[in-house]
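Chemist: please find the sequence and the predicted model below.
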Amino acid sequence: MTEPNPTLRLKGIVKTFPGVRALDGVDFDVRPGEVHALMGENGAGKSTLMKILAGVYHPDEGQIFIDDRPVVIRSPIEAKEHGITLIHQELSLAEEMSVAENIFLGELPRKKWGFVDWKTLDERVGTILQKLNADWGPRTRIGSLSIAKQQMCEIARALTHSAKIVVFDEPTASLTDAEKVVLFDVIEDLKAEGVGIVYISHRMEEIFKITDRISVLRDGSYRGTLNTRETDEDEITQMMIGRSLELHRRNIEHAEEGEEVLSVEGLSCGRLFQDVSFTVKAGEIVGFYGLVGAGRTEMAETLFGLRRPTAGKIRLAGEEVHIGSPSEAIEKGISLVPENRKEQGLVLGMNCRDNITLPQIDDLTAGPFVANGAEVAIYDMYRDRLQIKAPTWRTLVGSLSGGNQQKIVIGKWLSMKPRLLIVDEPTRGIDVGSKSEIHKLLRELAHQGYAIIVVSSEMPEVLHVSDRIIAMHNGRITRTFSADAVTEEDLIQAISGLTSDKAA
Amino acid sequence: MAALVGRLGNGDLKGLIARNGIFIAFVVFMIAFGIGVDRFLTFQNLENVVKTTAIIGVIALGVTVVVLSGNLDLSVGSMLSFGTVMVVDLHDKIGPGAGILVMMIAVLALGAVNGLLIGFLRLNSLIVTLGMLSAIQGLTLIYSGGKNVDIDPSTQDTTWFRVFGRGEIAGVDMPIIIFFALAVVIGMIVAYTPYGRRVYAVGGNPTAAVFSGIRRNRVVFSTYLVSAFCVGIASIILGSRVMGSQNTVGQGYELLVLAGVILGGTSLLGGSGSILKTVIGVLILGFIQNGLLLLGYPFFAQWIVTWVVIILAVWLDVAAKRGRLLSPIA
Amino acid sequence: ETYRIGITQNNVGVDSYQTTYEQAFIESAEADPDVEAVVLDAGGDVARQIAQIQDLVQQQVDAIIIWPTQGKAVVPAVRAAHNAGIPVVITNSNIAEEGFEFIKSFSGPDNITQGSRAAEIMCDKFKEMGIENEAQIVQISGQPGYTTAIERAKGFEDRLPEVCPEVTLLETQPGDWNREKSQRVMETFLTKYDDIDGVYAGDDNMGVGALNAAKAAGREGIIFVGATNFAVGYEAMGRGEYWGSIYQSPVDDAKNALATAKAILTGEEVPFLNYFDTPKITQDNMDEFTKPVF
Amino acid sequence: MADITATQDGSGANRFLHWIIHHPIWAFVVIVFIFFSVMNEHFFALGNFKNILIQASTLGLIALGMTLVMINGNIDLSVGAVVALAASLTVDIMGWPMFEGWGNWQILPGVLAGLAAGVLLGALNGFIVWKTGVDAFIVTLGAMLGVRGLVFVYTEEQSFFAMNFAYSDFGASSLVGLPTLALIFLVFTALVHILLSRTVHGSNTYAVGDNREAAVNAGIRVGPHMMINFMIVGFFAALAGITLSTQMGASTPNLGTNFELWVITAVVLGGTKLTGGAGSIIGTFGGVLAIQILRNGMNLMQVPAFWVLVILGSILIGVLFLDKQLNRKGAEELRL
Ligand SMILES: Nc1ncnc2c1ncn2[C@@H]1O[C@H](COP(=O)(O)OP(=O)(O)OP(=O)(O)O)[C@@H](O)[C@H]1O
Ligand SMILES: Nc1ncnc2c1ncn2[C@@H]1O[C@H](COP(=O)(O)OP(=O)(O)OP(=O)(O)O)[C@@H](O)[C@H]1O
Ligand SMILES: [Mg+2]
Ligand SMILES: [Mg+2]
């Protein structure tokens, strides 16, 4: 079998940022009609490599070949002209604009005199949305969609024109299973058209499901390429982090259950969710599983004082409380790792240390001033614990890789030592190694007597860490499972609202 | 510049330059003027410039805090007119001490109105403070009946009120001392206290700040009190320096102050910048004005040169930060 | 029958002169049972003044008094008022000659004469001191672009070489009618020039600012001459620190304007250029004048 | 940008309500209009409405351009100075002896020079913002001072007078029953509205302001795009300077002082976000009208000068407050 010539070849790419050598002589190639996975830990340089391809960054050294011809890509415009489309890891959307305008950003169909050809636009977007199974229209304001739907619109950009190379940078980080299926269909179609696809993800099962080859980066250097069919998770993990992991082992070792920390009764908030009741005990992890839009995030936000409940009671350690604001929630020992790290979790222009200590800054003082040493100590502790990769604590959070940003958010709330820790999609965009580390950490915390709520759209995650799982559908709790008795089928049924029998 | 930064190679030195672009601009500028302008680098002149810059400088300190938290304050100019007219007018009526007290309370009350509207009602800071600019100007005129106010000439040389604008300690002019002392205090607060951290957080990402348990409303409210406080202090200096006031004395200060703040490198979007840089920013402005006056350029030539120098200075600053001369905008 | 007389002023509140003018105007209008006044202020903005003139025409007032923010720019608006059959009186500072055919009268001081009188005051003093052959002076002018500022500076600069040809005018910088600004400008002058014998300021307010600077720098013996005698200037004269100025009463100015307008409405004959007198005032003759009220 | 309708349902009244909620400034315009009509006999008159439109045209024209620049996430503080420069150039150049024999055509070179100066200065601002990456605020703040300096260099502190009365007659003329200046304003308002809402350039204007990085990533040439918008605002500032000088038949070096603040106020009142990405010409038009009606009404009612300042300031804040109340999201809202 002769292998087709690669559509794209990268040779010896080097890129440095102040204090970091993000890429150190990386080679990489993509053939037409293949799905090529790019893997590596958080901060390994995957996004950087792809941004170089897309003309966002310029390599310090190295060459890019397209169809065996050397090219220089100076800007996104040129990348586009070379037939390269990058679907960014972080959403790259104009929030106030319509879905259609966003999908065709930079290439709106024109009529004479530079007028927008709305008719063509709507037609083409309509077709694309149909392909994506979208239940929203081309004229919807994109900012009013949930993150998952926004992500789908971002993905839709791959379909606007015939590209030679499409790069998906962690497209599934905020998608649920239903949308993933759609995405994989899209990828199949592109593949059939002979488009070369680069697929970045931390989720092994996806990688093994859809990719043909896998390349691995580690600390900015190229580790090799394997055929997907000829390898397994363990080998890849070895290449990525230099050791094996015991993955997907169901946690069965329950912590000793303690006092009831939180009890929620009939909690409602308008149309967002209704009549939610449950309890969480010290030492227990309760997983909330559901489809996007099930209202889990809103429930968590209500517990954290960010929304005013329209009905119901919240009890902390048996005592009824009213939580009017996040600062009151924090006082009462609640922490929330929010869903959207960029908007809700981090001050991107602040350094790593300051972000981590932000909620407790009032307690870290020496006289009137912030105690520098205490702060750095906290940072160091969580940097080690969560393996945060940052040059120094002075590095601005905005220049960290996506996964490392997420770790900063987690570290920030763990360091509060809360009674009740709520984590919303805690491992979104986190590499396998750190993910299992975080899961381990959550278990450890439960053992130490924390009460923990995990909201997640990833079934393995929920299954892996929870003592109990609560399924939500459409703003209501449909069923509660204990970790020992849950099956994947039941769970799927419960979150899609197919069964209405409420188990206690 | 870009080539220079590129060749240095040493990461630390690069970082140092990147963080201090505006200082370098300042030094370059001072040397150039020192060589080109007679008497520019004399002690008397330097002292004069810093002294006269102190009024804008003190206000800029407060406005920096507001800008850091992601808002604007355009009402400082007319608030300065208000404060100065009031403190000068009250000097003869109820005495300097009580006058200062009443004026400070009044100015802080105006700041509180800004703060309530912007912090708690979440109204757009540009329009609110622009509205306040107009309203306070009106209030000042109503208060004074549109007339100039003066401190009784017979007491001008004897009142202790003269200390703030005309006094000196150990040979250093009082306005300079007040300016630098206040800069140190506010600079420390902003850089090293939990309060300062909250201001940066609110400016950098208000949503994330709230999610971190920061009471955003209060922080924003408080920044307007700080700003008003600084305007009050500036009013005292100005009143004491001139021993009189006009209703329009502060007109146009809002933009000058903002120019100084931004020139220093504080981002209009909030969340980044520092008091020290603001001090440098206003000093650059002050020295430009002074240098060009010493050169005896006609006023319009001064304006044109100021245009060029401001843009060059800020350009140098942002270019140092990003490590290349031209912007990455395609 | 009452006459509705509209006035649009330049910039009330910018200094005491204009404020006192407005008060005096309103008072004398109220005192006159035949007059109903519509009092407007352009806030120093030509465009707004034109709009106000249009609005007054729209209201069909009987006469319009204009204190021009700018002598040339208001001419078409004046012409429009004239064409609408409304008599126009210009007050305080005149409009451009091109507009003369559309107005009934000008009432106010003569700024050019004021400037030249200030030059005379200064020159006389230098002669008295015997330094008229070597004296060096600086000028602090009003806000750039404004008629009053330009005319006073022109009057001064034209007259000075006639009376004292040997005196050098070292430099002119604007003080924007602002005492603090003027103080700042003077400080730089003092740094720059070791020998300054006289300062001419476009009004007393700025003059006193310059005086403040000189006192703080310990520079004595400088002759300060201003214009539009303010109370502060008068008092400084009394203390012997400030040499002289031009006496100009806003009350006279306002009364003159209203009387002119009313005279036109009642059909009386008025001179086309209805100047009121602005005499010299110095330390020597200040007893002849009352202290200005502003 | 396309009209984005969240709810498709709706009778006429409902849709009007929806519209008003998105353009609260028009609610305010209606309120002050009714208020002054009731309170003052001179207000409700055709002549007065014409006056208001003429007076609104100056700020209004600049506001059209400013809306584009501000949706881009930039700002232009130099417009006031450009007004003065264009007016001075136009009025002076048409008086040059070389055009003496041209009759009324002598006005043309002046107008062209004035407009060209505005476009050029806009291009300069835009180019500096593009190439240096210095914030537009500081670039144009510098220009506000510098261009005013240029005005004084050119005019030597003099005002110019238009010898050709056809020039000022133009400012006072009418076309199809409307004052010409008002007509110019209305026509350009419609044109810019179409530019912003129907063309690719308009869509890109929103995109660049909404998320500059996304726009760059999507391959929009952000730099030239912003420069074009600066040129447009420069053009409109110059045009406003020229129309204003036709009203005066003259130019003065101090023309346009503080215009930038009033223009920005009008634009923001009209719903344009300071941070960019949102705004509309319909809103801006409402903002301009609101300010002009207020000024006109208060003139007619003879509100004392000092109080005008207080009232105008309070009303600005009041409009914002109204906007906030109308756009409340209700109890389910995230409380930030
Ligand atoms: N703009 C920047 N400035 C400075 N450092 C940067 C910048 N962008 C990336 N880096 C650094 O480069 C390294 C590689 O980052 P990159 O985003 O490519 O990682 P990644 O492999 O995509 O990780 P993740 O899986 O977390 O998304 C990281 O150490 C990061 O901190
Ligand atoms: N943009 C929106 N406009 C109106 N309602 C929305 C919007 N986004 C979500 N909702 C509603 O809010 C509720 C919860 O939405 P959300 O997607 O945040 O839930 P979730 O369970 O946290 O999902 P996930 O965390 O997976 O995103 C649903 O009832 C949904 O209909
Ligand atoms: Mg990445
Ligand atoms: Mg969620």
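Modeler: Arrived safely. Ligands and ions are numbered 1, 2, ... in the order given.

Chemist: would you say A:His36 is within a helix?
Modeler: No - using DSSP: H, G, I helix; E, B strand; the rest coil, the assignment for A:His36 is strand, not a helix.

Chemist: from ligand 3, how far off is it?
Modeler: 16 Å (CB to the ion, to the nearest Å). Glycine gets a C-beta too; all of them are placed from N, C-alpha and C.

Chemist: count the neighbours of A:Ile200 for me.
Modeler: A:Ile200 is flanked by 24 other residues according to other CB atoms under 10 Å in any protein chain shown.

Chemist: for the most centrally placed residue in chain D, give me the pLDDT.
Modeler: Compute the mean C-alpha point of chain D, and by CA atoms, centre = their mean the closest residue is D:Ala63, 1.5 Å away. Note on D:Ala63: pLDDT of 97.

Chemist: mind telling me what element it is part of?
Modeler: Assigned by DSSP states H and E, D:Ala63 falls within helix D:46-71.

Chemist: next, see if that helix gets close to chain B.
Modeler: No - Helix D:46-71 is not in contact with chain B by CB under 8 Å from any CB of the partner chain; minimum separation 10.7 Å.

Chemist: give me the nearest residue to the residue in chain C that chain B sits nearest to, chain neighbours excluded.
Modeler: As assessed by CB to the nearest CB, chain B sits closest to C:Thr19 within chain C, at 3.1 Å. Closest residue in space to C:Thr19, ignoring its immediate chain neighbours: B:Gly146 at 3.1 Å, by CB to CB, 6 or more residues apart in numbering or on different chains.

Chemist: and the spatially closest residue to C:Ala73 that is not a sequence neighbour, how many neighbours does it have?
Modeler: Spatial nearest neighbour of C:Ala73, chain neighbours left out: D:Met248 (3.9 Å); criterion: CB to CB, 6+ apart. Counted with other CB under 10 Å, residues neighbouring D:Met248 total 28.

Chemist: equivalent analysis for B:Lys321, please.
Modeler: Neighbours of B:Lys321 (other CB under 10 Å): 17.

Chemist: pLDDT score assigned to it?
Modeler: At B:Lys321, pLDDT is 77.

Chemist: just the buried residues of the host helix or strand of it, please?
Modeler: Using DSSP H and E, B:Lys321 sits within helix B:299-322. By neighbour count with 16 or more other CB atoms under 10 Å in any protein chain shown, helix B:299-322 contains the buried residues B:299-300, B:302-307, B:309-321.

Chemist: swap in stretch D:217-229?
Modeler: Buried residues in stretch D:217-229 (16+ other CB under 10 Å): D:217-223, D:225-229.

Chemist: ranges for the helices of chain D?
Modeler: With DSSP state H, the ranges of helices along chain D come out as D:12-22, D:24-39, D:46-71, D:79-93, D:107-132, D:136-155, D:165-172, D:180-198, D:200-210, D:212-217, D:222-248, D:259-269, D:281-300, D:305-326.

Chemist: any regions of the chain where pLDDT drops low?
Modeler: All of this is about chain A. For chain A, applying pLDDT under 70 flags the ranges A:1-3, A:244-255, A:498-504.

Chemist: not what I meant, chain B
Modeler: Using pLDDT under 70, chain B drops low at B:1-15, B:18.

Chemist: how about the strands in it?
Modeler: B:149-150, B:168-169, B:172-173, B:244-245 (DSSP state E).

Chemist: try the stretch 401-504 of chain A
Modeler: If DSSP state E, counting those that start in this stretch is used as the criterion, the strands of the stretch 401-504 of chain A fall at A:420-424, A:451-456, A:468-473, A:476-482.

Chemist: circling back: tell me which of the helices of chain D lies nearest to A:Arg110.
Modeler: helix D:200-210 (5.5 Å; CB to CB).

Chemist: what angle separates the closest one from helix D:46-71?
Modeler: When axes from the mean of the first three to the mean of the last three CA atoms, to 10 degrees is applied, the directions of helix D:200-210 and helix D:46-71 differ by 60 degrees.

Chemist: what's the average pLDDT for helix D:200-210?
Modeler: Per-residue pLDDT values over helix D:200-210 give a mean of 94.

Chemist: smallest distance to chain C belongs to which residue of the stretch 351-500 of chain A?
Modeler: Counting by CB to the nearest CB, the stretch 351-500 of chain A gets nearest chain C through A:Pro368, at 35.4 Å.

Chemist: what's the closest non-adjacent residue to that residue?
Modeler: A:Pro368 sits nearest to B:Thr193 (CB to CB, 6+ apart), 5.7 Å away.

Chemist: the helix holding D:Ala63 vs chain A: in contact?
Modeler: No - using CB under 8 Å from any CB, helix D:46-71 stays clear of chain A, coming no nearer than 9.6 Å.

Chemist: quick one: list the elements packing against that helix.
Modeler: With contacts taken as 3 or more CB pairs under 8 Å, 6 or more residues apart in numbering or on different chains; DSSP states H and E, helix D:46-71 sits against helix C:46-59, helix D:79-93, strand D:178-179, helix D:180-198, helix D:200-210, helix D:222-248, helix D:259-269, helix D:281-300.
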